[in-house]
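1. Mind looking at a prediction? Sequence and model below.
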Amino acid sequence: MTDESAALGAEPSVIADWLMAHIPDLSGVTGLVKFGSGQSNPTYRIDTASGPYVLRSKPPGKLLRSAHLVEREYRVMAALAETDVPVPNMLALAEDATSPTGRAFFVMEYLDGEIFWDPVLPEISQTDRRAYYDEMARVLAALHSVDPKAVGLCDYGKPGNYFARQTERWAEQYRASVETPSEAMMRIEAWLRERMPEDDGQVALVHGDYRLDNMMFARGESRVIGLLDWELSTLGHPLADLAYQCFQWRLPHGGQMRGLAGKDRAALGLPTEEEYVAAYSAARGIDGVGDWTFYLVFSGFRLAAILQGVASRAAAGNASDPKGAIYGQLVPLLEEMIVGMLD
């Protein structure tokens, strides 16, 4: 086995032996190539005589508590295998204690499809774009309609108010990633705590990073064949996923941000935010989304904390992509945008 095996922390032959011992149909490992995209858990294509596979690993170095838990990603996708949520087949898991690389990784089915990075969907004709958005809304509604208990995930998250717990978590993660917290982030955190809604009892499996480039479509079709990157998944409030996706569309379009702000969605053949929320709500059979501003501000705060963590890992040399330092420069822009939403 050649190329990037060393980055995983073990000799090529050791990794190849483990793969062939744990995946019955896998044979003749010839290569391991890291995918260029992604800022969190490094992901590789495994080339073998029996076809390609995908390996996803924890990154090297000191990691933040509760971050990079590929074991959870493996568990949730395995649990969703027989549901309406499209996920790749899970094939093998190596936990930290038994991994030949010294850190956990899992192997899954290789999906041959398309990933789109620009929400404008320039690769798709204007008349076909709405179908892709309708499919995203359908898949998100399907995810939130899964009964966690029925798929063995009733213990996948903590009980209680999701937004209160998540605000605490991301405030803690943010502070662990900076020397001095910004005044803007402190103000946003305080606003969230003051505006915190009562727990309405809704509990669903949430993806945590639901966006266009974390799903793979069938080639030439508006059909999702794989929802990917489940690192931030947990049990929580379904509207957190919806608001997170919609918040991203409010970001500028260009540079390091891929949003839809300033774009004429009607002219592009894309739904408005209101139309997308309505399509999701109809698919789930719900009426209304409550305090939408709170959900959007929470999503922005969380995104800022995530990007600051990426930048911190890049500075320490532990990011999957060293260019992650660029994302730290986006945090002040996000802060300004979020503060402008406070009332």
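-> Cool, the structure landed. Numbers count the residues shown, from 1 in each chain.

2. So if we follow the domain assignment, how does the protein break up?
-> The chain breaks down into these structural domains: 2-109, 129-339 (assignment by automatic domain parsing).

3. Let's have those in CSV, adding mean neighbour count, distance to Val120 and mean pLDDT.
-> Heads up, the C-betas are built off the backbone N, CA and C, glycines and all. What follows is the domains of the chain, written out as CSV (neighbours: other C-beta atoms under 10 Å; distance: least, C-beta to C-beta, whole Å; pLDDT from 0 to 100):
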stretch, mean neighbour count, distance to Val120, mean pLDDT
domain 2-109, 17, 18, 85
domain 129-339, 18, 6, 92
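
4. Of all the ones you listed, which one comes closest to Phe116?
-> Taking C-beta to C-beta as the criterion, domain 129-339 is the member of the domains of the chain that comes nearest to Phe116, at 5.6 Å.

5. The stretch 51-200 of the chain: strands as residue ranges?
-> In the stretch 51-200 of the chain, the segments counted as strands under DSSP state E, counting those that start in this stretch are 53-57, 90-94, 105-109.

6. Distance to Val146 for those - can I get that in a markdown table?
-> A markdown table is the format used below for the strands of the stretch 51-200 of the chain (distance: least, C-beta to C-beta, whole Å):
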| stretch | distance to Val146 |
| --- | --- |
| strand 53-57 | 22 |
| strand 90-94 | 16 |
| strand 105-109 | 19 |
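
7. Which among those is found nearest to Ser40?
-> strand 53-57 (9.7 Å).

8. The closest one relative to strand 90-94, how many degrees between them?
-> Here the directions of strand 53-57 and strand 90-94 differ by 40 degrees (axes from the mean of the first three to the mean of the last three C-alpha atoms, to 10 degrees).

9. Show me what strand 53-57 packs onto, helices and strands only.
-> Contacting strand 53-57 under the criterion 3 or more C-beta pairs under 8 Å, 6 or more residues apart in numbering; DSSP states H and E are the following elements: strand 43-48, helix 70-79, strand 105-109.

10. now those in a markdown table, with distance to Arg187?
-> Rendered in a markdown table, the data for the helices and strands packed on strand 53-57 read as follows (distance: least, C-beta to C-beta, whole Å):
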| stretch | distance to Arg187 |
| --- | --- |
| strand 43-48 | 36 |
| helix 70-79 | 32 |
| strand 105-109 | 40 |
